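> Generate a structure from the sequence data that follows.
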Amino acid sequence: MAILVTGGAGYIGSHTVVELQNAGYDVVVADNLSNSSEESLKRVEKITGKPAAFYKADILDRGMLEEIFSKEKIETVIHFAGLKAVGESVEKPWEYYNNNITGTLSLVDVMRKHNVKNIIFSSSATVYGTPKQVPVTEDAPKGECTNPYGWTKSMLEQILTDIQKADNEWNVILLRYFNPIGAHRSGSIGENPNGIPNNMMPYITQVAVGKLKELGVFGDDYPTPDGTCIRDYIHVLDLASGHVKALKKIEEKAGLCIYNLGTGIGYSVLDVIRNFEEATGVKVPYSIRPRRAGDIPENYSNAEKAYRELGWKAQYGIKEMCEDSWRWQSKNPEGYGK
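This is a model prediction of the structure:
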C-alpha cells in the first residue's frame with residue numbers, strides 16, 4: 001500500500017517524500033508542477049535511493065485522479081496541493097477558491113469512491129485569524145481570516161471535519177503549519193518558487209545570492225518590539241517529520257485530530273534577517289515598505305499537543321534554518337533551473 005502525496009514535488013511536499021521514504025513508506029506523487037519542478041523528485045531519489053511514482057496531475061482533473069487511484073494501491077493521502085500566496089490570494093480570490101476548495105472536493109470524492117478514507121491535510125496557522133492571545137493552542141477559536149488563502153484553509157478544515165463526522169470510517173488529521181523555512185541538509189532540495197518569491201526566506205536568500213536587489217520589509221509600525229511582524233518559523237525537515245508522526249496516528253484510527261506544528265518561538269522579520277546574516281556572514285540589504293494586505297502583527301504556536309499525542313517536537317533552531325536555506329540557495333542560485 002502506498003501514500004499519495006498531492007503537491008509532492010513542491011517545497012514541503014518534496015521534503016516530506018524524503019522523510020516518508022526514509023521511514024519505509026511507498027510514495028506516489030501527484031503534482032501539476034505549476035509552482036514546482038519534477039527535478040526536485042529526481043533529487044529526492046538521489047537522497048533516498050528510492051524512486052517515487054510520479055503523475056503530472058491537477059487535483060481539478062477528476063479523470064487523472066481516477067487513473068491514479070485505479071492504478072496505485074493508495075492507503076492514505078497527504079494533501080499539500082494548493083495555491084498558497086497570501087498577497088496573491090487577495091488579488092485572485094476566484095482562482096484560490098476554485099483551485100483549493102473545488103480541487104479538494106474533487107480529490108475527496110475520488111478517494112471515497114475508491115474507499116480510501118485517510119487524509120492528512122496541509123492546513124495553516126492563518127485559520128486563527130488575528131489570535132486573541134499568543135502562543136496559540138489548537139482549541140483557540142478560529143478567527144476571521146484576513147485573506148482568501150486563509151479562508152480556503154479554514155473552509156477546507158470545516159469540510160473535512162463534516163465529512164469525518166458524517167462517516168466515522170474517515171480518519172482526518174488537520175496539521176496547522178506555522179512558517180516553514182530551511183532546506184534539506186544536503187543542500188540539494190529546497191524552496192524554489194517560480195518568479196519573484198512570495199515567502200520571506202527565499203526572498204532573503206535570492207537577495208543574498210545577488211539575484212534580487214533588496215528585501216522589502218512590509219511594515220515597521222506593527223505593535224511589536226521592533227515594529228515588524230512576528231512569526232513562528234519552523235524548519236521544513238521538522239514539518240516533514242510531523243507528517244510521518246501523523247501517519248502513525250492515522251494507523252491507530254485517529255478519527256479527527258488537529259495539531260499545531262511550530263516551534264513555539266516568535267521571531268520578527270528583522271530578527272530573521274539578523275540571524276541569517278550571523279549564520280552565513282552574508283549581508284542582506286532591505287528597505288521598509290508599506291504594510292502588505294492580509295498580514296497580522298504576531299502569531300506563534302503552542303505545539304504541546306503534537307508532542308503529547310504524536311511524540312513530535314521541533315528539533316532545529318533559527319540558525320540552522322538560516323544555514324540550511326543558504327546552503328540550498330548558494331549551491332543552486334537558479335533553484336532547480338541549473
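> now the closest residue to Val269 other than its chain neighbours, what's its secondary structure?
Nearest non-adjacent residue to Val269, counting by C-beta to C-beta, 6 or more residues apart in numbering: Thr228, 3.9 Å away. C-beta coordinates here come from the backbone N, C-alpha and C atoms, glycine included. At Thr228, secondary structure determined by DSSP: H, G, I helix; E, B strand; the rest coil is coil.
> these two touch, right, Thr228 and Tyr222?
Yes - using C-beta atoms under 8 Å, Thr228 is in contact with Tyr222, at 6.4 Å.
> Look at the two and report which has more neighbours.
Thr228 (22 against 19; other C-beta atoms under 10 Å).
> Could you tell me which residues make contact with the more buried one?
By C-beta atoms under 8 Å, 6 or more residues apart in numbering, the contact set of Thr228 is 217, 219-220, 222, 268-270.
> Out of the residues you listed, which sit inside strands?
217, 268 (DSSP state E).
> Most neighbours out of the contacts of Thr228, which is it?
Result: Val269 is most packed of those (other C-beta under 10 Å), 24 neighbours.
> any idea how far it lies from Asn192?
From Val269 across to Asn192, the span is 22 Å (C-beta to C-beta, to the nearest Å).
> Same check on Thr130?
In terms of C-beta to C-beta, Thr130 sits 31 Å off from Asn192.
> Tell me where the stretch 201-338 of the chain has helices.
For the stretch 201-338 of the chain, applying DSSP state H, counting those that start in this stretch gives helices covering 236-251, 269-280, 304-310, 318-331.
> Return the alpha-carbon coordinates of the longest one using PDB.
Extracted as PDB, the C-alpha positions of helix 236-251 are listed here (Å, rounded to 0.1, in the frame of the first residue of the first chain):
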ATOM      1  CA  VAL A 236      10.900  22.200   6.800                       C
ATOM      2  CA  LEU A 237      12.500  19.000   8.000                       C
ATOM      3  CA  ASP A 238      10.700  19.200  11.300                       C
ATOM      4  CA  LEU A 239       7.500  19.900   9.500                       C
ATOM      5  CA  ALA A 240       8.100  16.900   7.200                       C
ATOM      6  CA  SER A 241       8.700  14.600  10.200                       C
ATOM      7  CA  GLY A 242       5.400  15.800  11.700                       C
ATOM      8  CA  HIS A 243       3.700  14.200   8.700                       C
ATOM      9  CA  VAL A 244       5.300  10.800   9.400                       C
ATOM     10  CA  LYS A 245       4.200  11.100  13.000                       C
ATOM     11  CA  ALA A 246       0.700  12.000  11.800                       C
ATOM     12  CA  LEU A 247       0.700   8.900   9.600                       C
ATOM     13  CA  LYS A 248       1.400   6.700  12.600                       C
ATOM     14  CA  LYS A 249      -1.600   8.300  14.300                       C
ATOM     15  CA  ILE A 250      -3.800   7.500  11.200                       C
ATOM     16  CA  GLU A 251      -2.700   3.900  11.500                       C
END
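> Only the buried residues of that helix, if you could.
Buried positions in helix 236-251, judged by neighbour count with 16 or more other C-beta atoms under 10 Å: 236-247, 249-250.
> nearest to Gly7, of those residues?
His243 (12.1 Å; C-beta to C-beta).
> tell me the contacts of the closest one?
Contacts of His243 by C-beta under 8 Å, 6+ apart are 16, 19-20, 78, 120, 175.
> I figured Asn332 hits Glu191, correct?
No - the criterion here is C-beta under 8 Å, and Asn332 misses it with Glu191 at 10.5 Å.
> Just the buried residues of the lowest-mean-pLDDT helix or strand in the chain, please?
Every helix and strand of the chain was ranked by mean pLDDT, DSSP states H and E. The lowest is helix 86-91, at a mean of 88. Judged by neighbour count using 16+ other C-beta under 10 Å, the buried positions of helix 86-91 are 86, 88-90.
> What helices and strands are in contact with it?
helix 148-166 (3 or more C-beta pairs under 8 Å, 6 or more residues apart in numbering; DSSP states H and E).
> List the strands paired with the helix or strand following the helix it packs on, with their directions.
Using DSSP states H and E, the helix or strand that follows helix 148-166 in sequence is strand 171-177. According to DSSP bridges, strand 171-177 forms sheet pairs with strand 118-124 (parallel), strand 256-261 (parallel).
> pLDDT averaged over the last one - what is it?
Predicted confidence along strand 256-261 averages 98 (mean pLDDT).
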